[in-house]
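predicted coordinates and the sequence they were generated for:
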Amino acid sequence: MKKNKNKIIVSIFSLILLLFLSFFVFYIKILPVCVSNTKVITCVENIAKKYLNCDIKIENPKLKTEFSSKIGFQIDNFIISKNSKNILTLENLNTQISLKDLLKNRIILNRFELDYIYADVNKLIDILPKEEKEPKNKQKQLDIDFYDSILTLKKSLISYEIESGYNATLKINDFFIDNTQKNGRNLHFDINTLLSKNGKDVYFAINDKNKVLLKNKHIYVNDCILNINKSKIHINAQASKKDGINVDLTSKGFRIEDIVDIVNSNILINNGSEMLSCFKDISGNFDFNINLTKENIKGVIDLNNGFLKIIPLNNLPVAAKEGKILLSSKDIMLKDFKGYYGTPI
């Protein structure tokens, strides 16, 4: 009887060991081979084409598994297209995740590297399956932890039609951050945005130039420059979850024409062109220094010169040679304005 009991225990232990070894052989050896198999790739492409009604091309996918919770995945090209027009393109994707906290509903992203991404957001939304009504007992979604990750994006082009005739084009290039450097790391980026509406454009551009630092759970920005059309804004800032945000925005010689172009484009302000319909030949420039916090706004705008003509008053010219605008969270005050209207003597 005792011998039979021992045999049963040994058999159960052997079965568990066999299952365990089978799983690891599948995980370490078989699964990576399946991912790279051309027949499997073709099958995945055909299934995706059937359910998404578009063409999908997958080139050289590689899965790397090891005797740990880490999984690596690489792919040379991943392309979604429809009617011979690209909707999404990924080039040279290289990622690594860790599943050690999977039971806590968290996936740790160790590395995400991508050479290039192109996306037509509107067409991408159109081909994705529509979300069904959320179930009452909704399962908790997985969290993505990227606080110890290395993130790289060399080049991108994202297009989005906000509404008919109103388009946005976003380029994010040279993005890099190494979150494994806990004593301080620079956030690198080169971002260009073009907003177009009915033939009128507004252009924004910003490049870190080694002036954005993450350290001790704070973000520090030291004279990072934002370009808006032909004008520049200097940004100095400090932010953290604990202390909130403190931003200084300064500019010298900000062109009034750039403000006019933004308003007339109706891009950021609907019917903005109607606000300026009674004026023409608007020009000039101003300096400003504005401080923003979560609770407050304060600043000074110094008008260097300004000029416009009032159309309903027979194109009456109005000029301001100097003046101040004092800003606070409670009011706006005009001070020391000097100028003339009509033809100066």
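Alright, I've got the coordinates.

those strands in the stretch 101-250 of the chain, which residues are they?
Secondary structure of the stretch 101-250 of the chain by DSSP state E, counting those that start in this stretch: the strands cover 106-120, 143-145, 150-163, 166-178, 185-186, 188-197, 200-207, 212-215, 218-228, 231-240, 244-255.

and these: which comes nearest Ile16?
strand 106-120 (27.5 Å; CB to CB). Any C-beta I mention is one placed from the backbone N, CA and C, and that applies to glycine too.

helix or strand for the nearest residue to Tyr341 once chain neighbours are set aside, which one?
The shortest distance from Tyr341 to any non-neighbouring residue, by CB to CB, 6 or more residues apart in numbering, is to Val318 (4.5 Å). Using DSSP states H and E, Val318 sits within strand 316-328.

can you give me the buried ones in that strand?
Ala319, Ala320, Gly323, Ile325, Leu327 (16 or more other CB atoms under 10 Å).

can you tell me which of those is nearest Ser36?
Leu327 (60.3 Å).

for Asp243, see how far away Ile269 is.
As defined by CB to CB, to the nearest Å, Ile269 lies at a distance of 32 Å from Asp243.

cool, and Ile158?
Taken as CB to CB, the span from Ile158 to Asp243 is 32 Å.

same thing with Ser273?
On the measure of CB to CB, Ser273 and Asp243 end up 41 Å apart.

next: Phe176.
From Phe176 to Asp243 the distance is 26 Å (CB to CB).

between those two, who's got more neighbours?
Phe176 (16 against 12; other CB atoms under 10 Å).

so that one touches Arg185, yeah?
No: counting by CB atoms under 8 Å, Phe176 does not reach Arg185; the two are 9.5 Å apart.

burial count for Ile97?
Other residues lying near Ile97 total 20 when counted by other CB under 10 Å.

for the host helix or strand of it, enumerate the helices and strands it packs against.
Using DSSP H and E, Ile97 sits within strand 85-98. Using 3 or more CB pairs under 8 Å, 6 or more residues apart in numbering; DSSP states H and E, the elements in contact with strand 85-98 are strand 70-82, strand 106-120, helix 121-127.

parallel or antiparallel, which strands does it pair with?
Note on strand 85-98: by DSSP bridges, its sheet partners are strand 70-82 (antiparallel), strand 106-120 (antiparallel).

could those go into a markdown table alongside distance to Asn305?
Listed next are the strands paired with strand 85-98 as a markdown table, based on distance: least, CB to CB, whole Å:
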| stretch | distance to Asn305 |
| --- | --- |
| strand 70-82 | 53 |
| strand 106-120 | 44 |
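
between the ones you listed, which gets nearest to Leu31?
Nearest to Leu31, of all these, is strand 70-82, at 9.6 Å by CB to CB.

what comes into contact with that closest one?
With contact meaning CB atoms under 8 Å, 6 or more residues apart in numbering, strand 70-82 is reached by 52-65, 86-99, 110, 123-124, 127.

buried set for stretch 183-203?
Those would be Arg185, Asn186, Leu187, His188, Phe189, Ile191, Asn192, Leu195, Ser196, Lys197, Val202, Tyr203, for stretch 183-203 by 16+ other CB under 10 Å.

just stretch 240-250 next, same as before
Asp248, Leu249, Thr250.

still on that earlier bit, if you average pLDDT over the strand holding Ile97, what comes out?
In this model, strand 85-98 carries a mean pLDDT of 94.

please compute how far it lies from its chain's middle.
Relative to the centre of its chain, strand 85-98 is centred 16 Å away, using CA atoms, centre = their mean, to the nearest Å.

quick one, that strand and strand 150-163 angle?
Going by axes from the mean of the first three to the mean of the last three CA atoms, to 10 degrees, strand 85-98 is angled at 150 degrees with respect to strand 150-163.

phi, psi for Asn315 please.
Phi and psi for Asn315, reported as degrees, to the nearest 10, are phi 60, psi 40.

the closest residue to it other than its chain neighbours: neighbouring residues, count only.
Once flanking residues are discounted, Asn315 sits nearest to Lys309: 4.5 Å by CB to CB, 6+ apart. Using other CB under 10 Å, Lys309 is surrounded by 16 other residues.

tell me the confidence at Lys309?
92.
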